[in-house]
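>>> What would the 3D arrangement of this be:
(one chain, ligands or ions: 1)
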Amino acid sequence: MEDIILVGFGGHGKSVADCIEREKLFRIAGYTDNKEQSCGYPYLGTDQELFNYFEKGIKNAAVCVGYLGKGSIRKKIFEKLKGIGFTLPVIKDPSAVVSSSARIGEGTFIGKGAVVNAGAQVGRMVIINSMALVEHECVLGDFSHIAVAAVLCGEVSVGRAAFVGANATVIQGMKIKPHQIVPAGAVVR
Ligand SMILES: CC(C)(COP(=O)(O)OP(=O)(O)OC[C@H]1O[C@@H](n2cnc3c(N)ncnc32)[C@H](O)[C@@H]1OP(=O)(O)O)[C@@H](O)C(=O)NCCC(=O)NCCS
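Model (predicted):
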């Protein structure tokens with residue numbers, strides 16, 4: 001089993017680590033962060049150390065910093081990791097259902113009970129959080145976040161780095177603009 005390094009460890013990190021443990025495809029070597037957390041995994045220092053760990057043979061990384069519609073920190077970390085040479089595998093909880101005709105980009109996270117249906121095209125570094133539903137032929141831009149239990153009906157497009165809040169519903173065919181925030185519980189129609 002190959003090693004993976006977790007980058008940044010907040011609340012989202014706990015979800016990502018749990019999915020990696022359940023998936024059993026990678027062994028978590030530890031995490032980098034600005035400071036040590038009490039999460040049970042070895043603390044590997046700040047992001048300055050990432051290059052050294054890559055040189056020592058850890059080639060996989062998972063970005064564990066969440067995204068609530070503000071800032072571009074996930075993009076910066078992604079670019080840094082790619083610059084070093086890391087691979088960012090798709091992390092998918094075993095309970096998620098992903099159609100074989102869906103395309104999923106590098107570094108995307110698909111949480112517990114999420115559904116990604118036929119023909120969906122999901123970009124890089126997207127978060128499809130627990131119980132979110134991405135229906136057939138939706139197109140999700142890089143760095144977007146579909147929060148817990150949000151529903152995207154068929155053929156919805158979500159722009160780059162947009163955020164669809166918890167339990168929001170976007171009806172079929174609607175377009176969410178890049179960086180747009182859909183509030184929790186909203187109905188976009
Ligand atoms: C929309 C959102 C980003 C606004 O946050 P904010 O900029 O801090 O705004 P505030 O909390 O100051 O609220 C501003 C106004 O919007 C209203 N508002 C906030 N969230 C709302 C929501 N989800 N639905 C309807 N109205 C909302 C507030 O009542 C307030 O109204 P007022 O000016 O009449 O008092 C935030 O409330 C939200 O929904 N975040 C998403 C959380 C989420 O989905 N988390 C999931 C993590 S997986």
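>>> what separates Val139 from Ala120, distance-wise?
7 Å (C-beta to C-beta, to the nearest Å). Just so you know, the C-beta spots here come from the backbone N, C-alpha and C atoms, and that holds for glycine as well.
>>> Compare those two (neighbour count), which wins?
Ala120 (25 against 19; other C-beta atoms under 10 Å).
>>> and the residue lying closest to the more buried one once chain neighbours are set aside, what does it touch?
Distances taken as C-beta to C-beta, 6 or more residues apart in numbering place Ala102 nearest to Ala120, at 4.3 Å, with adjacent residues excluded. Taking C-beta atoms under 8 Å, 6 or more residues apart in numbering, we find Ala102 in contact with 116-122.
>>> Also Ser144?
Contacts of Ser144 (C-beta under 8 Å, 6+ apart): 123, 126-127, 158-164.
>>> what about Arg74, which helix or strand?
Counting by DSSP states H and E, the element that carries Arg74 is helix 73-84.
>>> for whichever helix or strand comes after that helix, packing partners?
As assigned by DSSP H and E, the chain's next helix or strand after helix 73-84 is strand 91-92. Other helices and strands packing on strand 91-92, by 3 or more C-beta pairs under 8 Å, 6 or more residues apart in numbering; DSSP states H and E, are helix 11-23, strand 109-110.
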